[in-house]
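Q: Requesting a structural model of the entry that follows:
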Amino acid sequence: MSVVPYPHEDRPGGWEKISSKELLIHPRITLYEHEVKLPGGEVIDYLVYDDGRDFCTVIALGDDSKIMMVREFTYPLNGYLWQFPEGNVDKVGSTSSYEADAKRELVEETGYEALGMEILGHSLKNHRRTKNRQYVWLATGIKELPGGKGSDHSEDIAEDIAEVEFFSEEEIWSMISSGQIEQKNTLAAWAVYQSHNRAGSS
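A: This next block holds a predicted model:
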């Protein structure tokens, strides 16, 4: 299955970029201020960023159809969040080339490998500030590796994963309703997954 982003830029009525200047250059992100002319003629300053990467989120199914989640530390909140395994791609390219990235992130964060990997869809990372996307993958035929989790090859972010657990769909819905799951990438990936299931059952 190939997932191609909808060509939003082909729609009429877009804003016109007059100029652009770099405000911050960092190994992980570049921040720009664009001077933009709105359709009504007003000119405004608009902040955008480029971190140069799409990322993959993996929904992994166990033998009992329960779904894997990880509880990962988030520094700004100084606490742990339940989420699906995720990580940046090594190099922006075609969606088919991201399969290796999705498999790698699953091993690095959970110590499980997947025999099957299917692309389900995508969502925008931060539609107000960047064009980068999240690509959602379904992992099947997973098994725990003898050596456990792999080492995180990336140098741009530290990860602290406290536990890996499997939950039923009903349990995940309940965790969303109660606020236990509030990480936006996971919520977007869950919507993509549910849409895929609905399309498959119709």
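Q: In the longest helix along the chain, which residues are buried?
A: Counting by DSSP state H, the longest helix found in the chain is helix 184-201. Buried residues in helix 184-201, counted by 16 or more other Cβ atoms under 10 Å: 185, 186, 188, 189, 190, 192, 193, 196. Every C-beta, even on glycine, is put in place using the N, C-alpha and C of the backbone.
Q: What distance do you get for the fifth one to residue 30?
A: By that I understand residue 190. 31 Å (Cβ to Cβ, to the nearest Å).
Q: same thing with the last one?
A: From residue 196 over to residue 30 the distance is 34 Å, taken as Cβ to Cβ.
Q: Tell me which residue is most central in this structure.
A: residue 134 (3.7 Å; Cα atoms, centre = their mean).
Q: Go ahead and confirm residue 181 touches residue 189.
A: No - if you go by Cβ atoms under 8 Å, residue 181 and residue 189 don't touch, sitting 10.7 Å apart.
Q: that older thread, starting at the chain centroid, how far to the longest helix of the chain?
A: 13 Å (Cα atoms, centre = their mean, to the nearest Å).
Q: Domain map for the protein?
A: Domain ranges of the chain: 12-50, 55-201, per automatic domain parsing.
Q: Is it possible to get JSON lines of those that adds mean pLDDT?
A: Shown next, in JSON lines, are these (pLDDT from 0 to 100):
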{"stretch": "domain 12-50", "mean pLDDT": "91"}
{"stretch": "domain 55-201", "mean pLDDT": "89"}
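Q: any idea which of these is most buried?
A: domain 55-201 (a mean of 16; mean count of other Cβ atoms under 10 Å).
Q: What ranges does the protein have for its helices?
A: With DSSP H as the criterion, the chain has helices spanning 99-110, 169-178, 184-201.
Q: residue contacts, residue 35?
A: Shown in contact with residue 35 (Cβ atoms under 8 Å, 6 or more residues apart in numbering): 17, 18, 19, 20, 43, 44, 45, 46.
Q: Distance to residue 60 added to these, as TSV?
A: Below are the contacts of residue 35 laid out as TSV (distance: Cβ to Cβ, whole Å):
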residue	distance to residue 60
17	40
18	46
19	45
20	40
43	48
44	43
45	43
46	38
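Q: Restricted to strands, list those.
A: If you go by DSSP state E, these have 17, 18, 19, 20, 43, 44, 45, 46 in strands.
Q: for this structure, what spans make up the strands?
A: Using DSSP E, strands in the chain cover 16-25, 30-37, 43-50, 55-60, 67-74, 79-83, 86-88, 112-124, 133-144, 161-167.
Q: For residue 105, which of those is the nearest?
A: Across the strands of the chain, residue 105 has its closest neighbour in strand 86-88 (3.7 Å, Cβ to Cβ).
Q: The closest one - which strands sit beside it in the sheet, and in what orientation?
A: Here strand 86-88 is paired, per DSSP bridges, with strand 55-60 (antiparallel).
Q: what comes into contact with the partner strand?
A: 67-68, 84-89, 98, 101-102, 105-106, 110, 112, 114, 120, 125, 132, 134-140, 142, 185-186, 189-190, 193.
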